[in-house]
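Engineer: pasting the sequence and the predicted model now:
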Amino acid sequence: MENLVVSGLKLGIIAGGQLGKMLSLAASNWDISTHILDRDENCPAASCCTSLVKGDPMNFEAVYSFGKQVDMLTFEVENVNVEALKRLKEEGLRILPDPVHLELIQDKGLQKQFYRDHGIPTATFRLFDNREDILTGIRNGSLCLPFVQKLRRGGYDGMGVAVVNKPEDLGRMLDGPSIVEEKVEIYREVSVIVARNGNGEIKSFPAVEMEFNHQANLVEHLLCPAVLPQEIQEDTEEQARRVISGLGLTGILAVEMFVDRNRQIWVNEIAPRPHNSGHHTIESVITSQFEQLLRAIFNFPLGSTRLKMPAVMVNLLGEPGHNGKAHYEGFTKCMRLEGVKIHLYGKKITRPYRKMGHVTILDPSMEEALKKAEFIKKTIKITSW
């Protein structure tokens, strides 16, 4: 595979959000040209990719035509037309991760069945065709509250999820093919990013602990390393390796997990791409998640995942009540702090809770890093003109 990294290699990336932007920047270190397919010609990756093709990643013809223009294909979102990817693969295009894995992960019901069939711990679940079937299960006593309903397709960042704790919450339920999970009493939420190359070499990044903004249902900040006993951290990393090995996936995989109050680990969901919970790796780990993805899909030796320094990552979200051209406040004060690394994604328009960037704080002391993170959250504001 040494001849893959040459001037002129065209790496296609489906979707050009912040993940596509950061992947393009990593690829530029190896003189790989990056070609983006995205609906928005002003998407974040437009400022740094080699070329951008305007098109819908869910449209068969758009994906198929784009694939015929590149030498290799990967993606930064799950919502991609899999049938077009399958056709391109049949015609000889190298696509990683493989479309068969994307197809499984697009359907949360198939994900859960995979965990069950491979002995991977996950919350007890049932599959339902629609909202009325769930209500029937409640009426006949075969389904009990509390539970979590997730639409099998299309959900992300908390969308497509309904938490039903009591009868008054039933009005929140969604209609469509769903999984209904037993509600886990969560002690901590953890993510592990794991990589596998074509030779079967596997490396996991250190586990990170996620803290959520419950209004937006988004990760507000994360800590690396996780503030958990060492044996639990090691167990989460082992579960991530089991998942990617069971799939046989080439690329990287974000494995989100719950640790319950009995310190039992439950795999929640997976994403076959770079992930928000891995952005800190750009500065805090010897190999970033973006370089590791490139190493994996080119079948190179995987890079070291050794942590250089403890880190906290803060997502920069659009302020509530603001829609319009983005305006950033508070940068100068935050830049005076040692170890603060600010990343702006280049999204021109802000909306309430939209991910507009992130800040990674490096500090030998996790306590000091957290203090700086709190200052940043109070100081940087993204409003509209």
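Structural biologist: Received, thanks.
Engineer: using the centroid of the protein, identify the residue furthest from it.
Structural biologist: N140 (37.6 Å; C-alpha atoms, centre = their mean).
Engineer: so which helix or strand takes in the closest residue to K54 other than its chain neighbours?
Structural biologist: Nearest residue to K54 in three dimensions, chain neighbours excluded: E41, at 5.0 Å (C-beta to C-beta, 6 or more residues apart in numbering). From N, CA and C alone the C-beta is placed, and that goes for glycine too. Assignment of secondary structure by DSSP states H and E places E41 within no helix or strand.
Engineer: equivalent analysis for V227, please.
Structural biologist: Under the criterion DSSP H and E, no helix or strand holds V227.
Engineer: repeat for the one 5 residues further on
Structural biologist: Secondary-structure element containing I232, defined by DSSP H and E: helix 230-247.
Engineer: do E256 as well
Structural biologist: Here E256 is assigned to strand 251-260, by DSSP H and E.
Engineer: how far does that strand sit from its chain's centre?
Structural biologist: 10 Å (C-alpha atoms, centre = their mean, to the nearest Å).
Engineer: following it, which helix or strand comes up?
Structural biologist: With DSSP H and E, the next secondary element past strand 251-260 is strand 265-271.
Engineer: list the residues that contact A123.
Structural biologist: V148, E181, E182, K183, V184, F258, W266, N268 (C-beta atoms under 8 Å, 6 or more residues apart in numbering).
Engineer: run a quick neighbour tally on the last one.
Structural biologist: Right, the one you point to is N268. N268 has 22 neighbouring residues, counting by other C-beta atoms under 10 Å.
Engineer: equivalent analysis for the third one, please.
Structural biologist: Number of residues near E182 (other C-beta under 10 Å) recorded here: 14.
Engineer: rewinding a little: now the strand holding E256: buried residues?
Structural biologist: G251, I252, L253, A254, V255, E256, M257, F258, V259 (16 or more other C-beta atoms under 10 Å).
Engineer: give me the domain ranges for this structure.
Structural biologist: The record's domain split for the chain, according to automatic domain parsing, is 2-95, 124-182, 186-384.
Engineer: how about TSV for these, with mean pLDDT and distance to E103 added?
Structural biologist: Converted to TSV, these look like this (pLDDT from 0 to 100; distance: least, C-beta to C-beta, whole Å):
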stretch	mean pLDDT	distance to E103
domain 2-95	94	5
domain 124-182	92	11
domain 186-384	95	10
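Engineer: wait, isn't T379 in contact with T332?
Structural biologist: No. Counting by C-beta atoms under 8 Å, T379 does not reach T332; the two are 9.5 Å apart.
Engineer: quick one, which of those two is more surrounded?
Structural biologist: Taking other C-beta under 10 Å, T379 and T332 do not tie; T379 has more neighbours (14 against 8).
Engineer: do you know how far the residue nearest the centre of the chain is from I193?
Structural biologist: Centroid-nearest residue in the chain: H275, 3.0 Å away (criterion: C-alpha atoms, centre = their mean). H275 sits 6 Å away from I193, going by C-beta to C-beta, to the nearest Å.
Engineer: what's the overlap in contacts for those two?
Structural biologist: Joint contacts of H275 and I193 (C-beta under 8 Å, 6+ apart) are A254, Q289.
Engineer: what sits against M313?
Structural biologist: H221, L222, C224, H279, H280, H358, V359, T360, I361 are the contacts of M313 under C-beta under 8 Å, 6+ apart.
Engineer: show me what the particular helix or strand that has the last one in it is packed up against.
Structural biologist: What it means is I361. In this assignment (DSSP H and E), I361 forms part of strand 355-362. Helices and strands touching strand 355-362, by 3 or more C-beta pairs under 8 Å, 6 or more residues apart in numbering; DSSP states H and E, are helix 281-284, strand 311-317, strand 340-344, helix 366-379.
Engineer: most packed of these?
Structural biologist: Per-stretch averages of neighbours, counted by mean count of other C-beta atoms under 10 Å, single out strand 311-317 among the helices and strands packed on strand 355-362, with a mean of 25.
Engineer: list the contacts of the helix or strand just after it.
Structural biologist: Next helix or strand after strand 311-317 toward the C-terminus (DSSP H and E): strand 324-329. Identification of contacts with strand 324-329 by C-beta under 8 Å, 6+ apart yields 318, 344, 347-350, 356, 380-385.
Engineer: export these to TSV and tack on distance to N29?
Structural biologist: Output for these, formatted as TSV (distance: C-beta to C-beta, whole Å):
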residue	distance to N29
G318	31
L344	20
K347	24
K348	27
I349	30
T350	30
M356	25
I380	28
K381	33
I382	29
T383	34
S384	35
W385	35
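Engineer: show me just the buried residues among those residues.
Structural biologist: The neighbour-count criterion (16+ other C-beta under 10 Å) marks G318, L344, K347, T350, M356, I380, I382 among these as buried.
Engineer: those residues: which two are farthest apart?
Structural biologist: K347 and I380 (14.8 Å; C-beta to C-beta).
Engineer: quick check: A271 vs K348, distance?
Structural biologist: A271 is 26 Å from K348, by C-beta to C-beta.
Engineer: hmm, I was thinking of N130
Structural biologist: 39 Å.
Engineer: quick one on the thing from earlier: other SSEs contacting the strand holding E256?
Structural biologist: Counting by 3+ C-beta pairs under 8 Å, 6+ apart, strand 251-260 packs on strand 186-196, helix 230-247, strand 265-271, helix 289-297.
Engineer: before we move on, the earlier item: ok, the contacts of A123 vs P167, which is closest?
Structural biologist: Nearest to P167 among the contacts of A123, counting by C-beta to C-beta, is K183 at 14.7 Å.
Engineer: I figured K89 hits P99, correct?
Structural biologist: Yes. If you go by C-beta under 8 Å, K89 and P99 touch, sitting 5.8 Å apart.
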